[in-house]
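S.K.: What follows is a predicted protein model with its sequence.
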Amino acid sequence: MPELPEVEVVRRGLQAHVVGRRIDSAIITGPRAARRHLAGAADLADRLAGKDVTAARRRGKYLWLALADREGRAQALVLHLGMSGQLLVSDAGTTTPRHCHAVLRFGDDGPDLRFVDPRTFGGLALAEVDAQGIPAPVAQIAADPFDPAFDQESVVRRLKARQTAIKRALLDQRLVSGIGNIYADEALWRAALHGERRASALTRPVLRRVLDHASDVMGEALEQGGTSFDAMYVNVNGASGYFDRSLNAYGQQGRPCARCRTPIRREEFMNRSSHYCPRCQPRPRATR
DNA sequence: CGTAGATCCTGTTAGC
DNA sequence: TGCTAACAGGATCTAC
């Protein structure tokens, strides 16, 4: 599932293959893909035509293409991959894949950009940007750990005020962005913390540690994902090698914990799976 | 406002 | 072999 490292791999692909080109036309076929663009799919396609792509940026799991019109006015095409979104750079003649909901065509002879998303949790929207170039829908998203503006002490302060489970807080994109279920479980395993521990009850050093682990695990995934990135195929699965080799908790139920050999457990939490070592990460007492 | 749970969706896989 | 049910989870909406 695309979390920060996978989305960053896609951003780099957009940087390499889309930035500096002028959009000639757009075709938006999936109504759900444009649901965040309130004026509708046809309006979105109209407004994209003729725009220059000036940058490919990211905050957490949100991607956007910075756009400039003929007068140089800035806007942004915000892209979210959801659960299953992919951005493919492919020649216009090639077969359109199943679940392709949007195509950008460019004024040059280069390849198209296609948005493919079977589960349709992702989407595109045109947005206004602020003075820093941040699109309106991204404004309430917190900095991710790789953002120069990331302020760990501020996140720790806010975590100390949260009465909710630490895992839920880590997944709240308004607190710290980029972390999804996989990396939350991995960070909690590394920090030897059960995800249902109350955030406010953890000490500041422990909170710093879990944030550091989240940053580390995503950085390591990015290193591996970045190397297997195919030049012409911008694929959210670029980091899949990481999933095969380096996970200690996520999807490891029944396998021995790498620290203590106790079998990893899987439980339902927040309508999704949580994976943890029952010995290294003991469940909190029934205080919550 | 903070918190918690339900919901959207379809390809893949496990199990009978 | 073929079918069904469970499973995957990011973001948003609603209710309390």
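M.R.: Thanks, I have the structure now.

S.K.: Spell out which residues sit in contact with the most centrally placed residue in chain A, please.
M.R.: For chain A, A:K61 is the residue whose C-alpha lies nearest the centre (CA atoms, centre = their mean; 2.4 Å). Remark: with contacts taken as CB atoms under 8 Å, 6 or more residues apart in numbering, A:K61 is in contact with A:2-4, A:7, A:80-81, A:173, A:177-178, A:180. (Each C-beta comes from the backbone N, C-alpha and C, glycine too.)

S.K.: Now the phi/psi pair for the residue in the stretch 151-288 of chain A positioned nearest to DNA strand C, please.
M.R.: Among the residues of the stretch 151-288 of chain A, A:G180 lies closest to DNA strand C, at 2.8 Å counting by CB to the nearest atom of the strand. Reported as degrees, to the nearest 10, the phi and psi values for A:G180 are phi -120, psi -170.

S.K.: got the domain boundaries for chain A?
M.R.: Under the assignment named as automatic domain parsing, the residue ranges that make up the domains of chain A are A:4-138, A:152-287.

S.K.: C-terminal to the lowest-mean-pLDDT helix or strand in chain A, what's the next element?
M.R.: Taking mean pLDDT, DSSP states H and E as the measure, the helix or strand of chain A with the lowest value is helix A:240-245, at a mean of 50. Tracing the chain past helix A:240-245, the next element assigned as helix or strand by DSSP states H and E is strand A:265-269.

S.K.: contacts for that next one?
M.R.: Residues contacting strand A:265-269 (CB under 8 Å, 6+ apart): A:165, A:167, A:195-196, A:253, A:273-278.

S.K.: For those residues, which two are the farthest from each other?
M.R.: Spatially, the most separated pair among the contacts of strand A:265-269 is A:A165 and A:Q253, at 19.5 Å (CB to CB).

S.K.: who's more crowded, the two?
M.R.: Per other CB atoms under 10 Å, whichever of A:A165 and A:Q253 has more neighbours is A:A165, with 20 against 14.

S.K.: how near is the nearest residue to A:A187 once chain neighbours are set aside to DNA strand B?
M.R.: The shortest distance from A:A187 to any residue other than its chain neighbours is 3.8 Å, reached at A:A214 (CB to CB, 6 or more residues apart in numbering). Using CB to the nearest atom of the strand, to the nearest Å, A:A214 is found at 19 Å from DNA strand B.

S.K.: So A:A214 belongs to a strand, correct?
M.R.: No: counting by DSSP: H, G, I helix; E, B strand; the rest coil, A:A214 is not part of a strand but helix.
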